[in-house]
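Peer 1: return atomic coordinates for the entry below.
(2 chains)
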Amino acid sequence: LAAAVDTLWLVVAGSLVFFMQAGFAFLESGMARAKNTVNVIMKNYCDMCFGAVAYWMVGYGLMFGSNHTGWLGTSAFALQGVPESDHVAMFFQMMFAATAATIVSGAIAERTRFSAYIIGSVVITGLIYPVFGAWAWGGFHGGQGWLKQMGFIDFAGSTVVHSVGGWAALAALLAVGPRLGRFGSDGRPRQILGHNLTLVALGGFILWIGWFGFNAGSAKAADISLGKIALNTHLGGASGAIGAILSMALVRQRLLMTATLNGSIAGLVAVTAGCHVMDPVFALLTGAVAGSLSVVATRVLERRRIDDVVGAVSVHLVGGIWGTLAAGLFRSGDLFNIHQLGVQALGILAAAVWGFGASVIMYRLIDKVMPLRASTLDEQRGLDFAEHYELGYPEFQQEAVHRGKHRG
Amino acid sequence: VAERDAALEAVRFALGAYLKPADAQQAAALWQPVSSGSSSLAGLSRFCRDVAQRFGLQGREAELHLQIIRALQCQKAGGLAPLRGASADDLPKPRLTADHSARTVEAILLALQAHAQEVLGEAFQAMRWRRAIADQLARSRLPAAMMSPALSWLLGSEAELLGVWPVKGAGTHLVNAAYVVMAEWLGPVQADAGLTRIVHALERSDDEALRSARMYL
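Peer 2: As a prediction, this is how the structure comes out:
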């Protein structure tokens, strides 16, 4: 019965993580202009579909297959004919892989070609994410990843999922460049408002709900520890929003809803690494710092002329790095352990070198084969029409200028 | 008098690429009426020097000189006939004419320029604007054969955009080049709003050709 309940819990938790894709789709499409809504949703939808197949065929084996070197899994590719318990593990992990990949889509929204994006997404789910995952979590089928052997703490993936996705997003941002006119010739950022903040808020709520499955599902069993994990997750998100609000107030910035939402997501990202080992007060602190950092990081990126549409880097990368350090600092009963902090920092560094390095190479290669960047004409018309021949809101866009081929 | 007015108009047009309309008008007023029997270009060098000094165009006198000559030639070109006695190679290439597509594209581009000028006010420089579009065109997929008439018009050698500018082809690319420059100068939100407004205005135009402006987006 216990095995059945555990399996049921993992299926439910995996489904909650899957639901996070809807959260990402709403949040990202709401932050984009109306003419790119369909494109953003298609990217979120399809990276999950293509990524699922890639992860089943290659990714899972690389990540959780027999890993005697500590670097890579070498079995369990295209998994079949295995014990029943393996199926649910793979189902749950597949949703994580999709989350890592989808982080990129919001960052480079509104100017990236769909086909190039999907190829990148498949490589992330099939190779980049699983390789780092093998180091930190590997060994379901024998052996252990080298970071895992060193005692690296990353319970549900602040680094494994979010930082790796964040590094890939940063590499993609550098490869694709900012949206047309996002920065003036003097370098000043110009605000490009999202078309539907209600959708953004709905996406934020869905992500938050999904996070309970993300973190509590990582316990892999329906046991007593779930309460603490869920509580810490919630506190991380709540204090993340508060941290962001306080930071905005401190620098006398207007209290933006988008920044508040991003603050809570940064808090959720940060608490993900150590929610199973932290006392609630430290989960609260971890989230609050992450929320503040997300506000600061957004400004820093803008100053460097990096156009991150949804703030994916400041939320997932910065939040993930801080959360991984916090897991080492605030471990219950072993606070501020310098050795543990060193291991955490090493894990962060490894993620940076691999996640960023591999992504830079990947996006450069993709760009050589097919342009990563949409043409200026497609950017003018909007990617909904240019790439998918559809409009997000046809009734309201009857008189829209950017109909391109509809009337041509 | 008619010849002098025509020359003044050409000078104003050439100066318009460098100066704001009011300044171009003021500068053109410095153009001295030609004395009978002398060339219409007499005194042009001195005029260019004067204008350059008064309107901050020092170092660009030669360029100004050339643009004015081109504008004058262009104005006379209405009656231009193949040179008699010239060899086949020396014959000018068949002159392009402006059809309704060229008029529509030109109207869109001029409206975009006016919109940018309205938003930027004093900071707007027509020549920089047109050069930026020319630079953008060089990076675009505009067919090579259409590059020349586009540049001739943008840089002031031709008073009007000549040639045929089809929808989904050269016409669309030229409008897009102007949109890119507008997005870079004003920001994408302003560019979208401006383009929308311009297209709506052209669609209400009395000129039937201009009502097809939306097709060029």
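Peer 1: pick out the residue in chain B sitting closest to chain A.
Peer 2: Ranked by Cβ to the nearest Cβ, the top residue of chain B for proximity to chain A is residue B:183, at 3.5 Å. Bear in mind the C-beta positions are built from the backbone N, C-alpha and C, glycine included.
Peer 1: how about stretch A:37-48: buried residues?
Peer 2: By 16 or more other Cβ atoms under 10 Å in any protein chain shown, the buried positions in stretch A:37-48 come out as A:37, A:38, A:39, A:40, A:41, A:42, A:43, A:44, A:46, A:47, A:48.
Peer 1: just stretch B:14-25 next, same as before
Peer 2: B:14, B:15, B:16, B:17, B:18, B:19, B:20, B:23, B:24.
Peer 1: now the two most distant members of those residues.
Peer 2: Pairwise distances across those (Cβ to Cβ) peak at 14.2 Å, for the pair B:14 and B:20.
Peer 1: before we move on, the earlier item: now for the buried residues of stretch A:37-48: which two are most distant?
Peer 2: Farthest-apart pair in these is A:37 and A:48; separation 17.5 Å (Cβ to Cβ).
Peer 1: hmm, residue A:181 and the residue of chain B closest to chain A touching each other?
Peer 2: Yes: Residue B:183 lies in contact with residue A:181 (Cβ atoms under 8 Å); the separation is 3.5 Å.
Peer 1: okay, and the common contacts of those two?
Peer 2: Listed as contacting both residue B:183 and residue A:181 by Cβ atoms under 8 Å, 6 or more residues apart in numbering or on different chains are residue B:191.
Peer 1: any chance of the buried residues of stretch B:14-25 in TSV, plus pLDDT and secondary structure?
Peer 2: Formatted as TSV, the buried residues of stretch B:14-25 follow (pLDDT from 0 to 100; DSSP: H, G, I helix; E, B strand; the rest coil):
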residue	pLDDT	secondary structure
B:14	76	helix
B:15	79	helix
B:16	75	helix
B:17	71	coil
B:18	74	coil
B:19	78	coil
B:20	75	coil
B:23	80	helix
B:24	80	helix
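Peer 1: against chain A, which of the residues you listed make the cut? List them.
Peer 2: Taking Cβ under 8 Å from any Cβ of the partner chain as the test, chain A is in contact with none of the buried residues of stretch B:14-25.
Peer 1: which one of those residues is nearest to residue B:210?
Peer 2: residue B:16 (21.4 Å).
Peer 1: which non-adjacent residue is nearest that closest one?
Peer 2: Ranked by Cβ to Cβ, 6 or more residues apart in numbering or on different chains and with sequence neighbours excluded, the top spatial neighbour of residue B:16 is residue B:24, at 4.7 Å.
Peer 1: kindly report the residues of chain B close to chain A.
Peer 2: Neighbours of chain A within chain B, by Cβ under 8 Å from any Cβ: B:136, B:140-141, B:167-168, B:172-173, B:176-177, B:179-180, B:183-189, B:191-192, B:195-196, B:199-200, B:214-215, B:217.
Peer 1: rerun at 6 Å
Peer 2: Contact residues, chain B versus chain A (Cβ under 6 Å from any Cβ of the partner chain): B:167-168, B:176, B:179-180, B:183-184, B:187-188, B:195-196, B:199, B:215, B:217.
Peer 1: tell me which of those fall in helices.
Peer 2: The members of the residues of chain B next to chain A that map onto helices under DSSP state H are B:176, B:179, B:180, B:183, B:184, B:188, B:195, B:196, B:199.
Peer 1: quick check: the two most widely separated of those?
Peer 2: Spatially, the most separated pair among these is B:184 and B:199, at 19.8 Å (Cβ to Cβ).
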